[in-house]
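Trainee: fold the following, please.
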Amino acid sequence: QVQLVESGGGLVQAGGSLRLSCTSSERTFFNYPVAWFRQAPDKEDEFVAGINWNGASATYADSVKDRFTIFKDSAKNTVYLQMNNMEPEDTATYYCAATATKWLRPLRERFQYSYWGQGTVVTVSS
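Mentor: Sure thing, here's the model as predicted:
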């Protein structure tokens, strides 16, 4: 079973930045399509950003486009979510998700991912 571990959450002021990390003990994790989802209190979870298996293509939710960047570091077997110019509406638990299928395009739907992390909490104060 592939296990994913997120880190990097915390408290940040509006306008600030955080970088989330997602890593796995699976040695080929850097070849997996990966996405970040988030769930705010009392809201349904939503797609945030996704990257395809080789890191060449990414897709974003409209709410985070031009503020967030998803990218891979193959040497560290880690996927990151760089979050800039953060807003209180970004407050949520962020989850990393992955699949072993090498899709060419980044995936946006929850059901397309087989492996999930436990989540990391992000709080943005106004």
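Trainee: what about the residue nearest the centre of the chain, which SS state?
Mentor: Centroid check for the chain by C-alpha atoms, centre = their mean gives Trp36 as the closest residue, at 2.6 Å. Recorded secondary structure, Trp36: strand (DSSP: H, G, I helix; E, B strand; the rest coil).
Trainee: okay, and the beta partners of it?
Mentor: For Trp36, the beta-bridge partners are Ala49, Cys96 (DSSP bridges).
Trainee: do you know how far it is from Val124?
Mentor: Distance, Trp36 to Val124, by C-beta to C-beta, to the nearest Å: 15 Å. Heads up, the C-betas are built off the backbone N, CA and C, glycines and all.
Trainee: got it, and Thr69?
Mentor: 17 Å.
Trainee: show me the shaky parts of this protein.
Mentor: Counting by pLDDT under 70, the chain shows no low-confidence range.
Trainee: can you pull the contacts of the residue nearest to the centre of the chain?
Mentor: Residues near Trp36 by C-beta atoms under 8 Å, 6 or more residues apart in numbering: 20, 22, 48-50, 70, 81, 94-97.
Trainee: quick one: which of those residues is nearest Ala40?
Mentor: Lowest distance from Ala40 to those (C-beta to C-beta) belongs to Tyr94, with 10.2 Å.
Trainee: ok, now which ones touch the closest residue to Gln13 other than its chain neighbours?
Mentor: Of all residues not flanking Gln13 in the chain, Ser125 sits nearest, at 5.4 Å (C-beta to C-beta, 6 or more residues apart in numbering). Going by C-beta under 8 Å, 6+ apart, Ser125 touches 11-14, 88.
Trainee: hang on, Asp90 packs against Leu81?
Mentor: No. Taking contacts as C-beta atoms under 8 Å, Asp90 lies outside contact range of Leu81: 10.8 Å.
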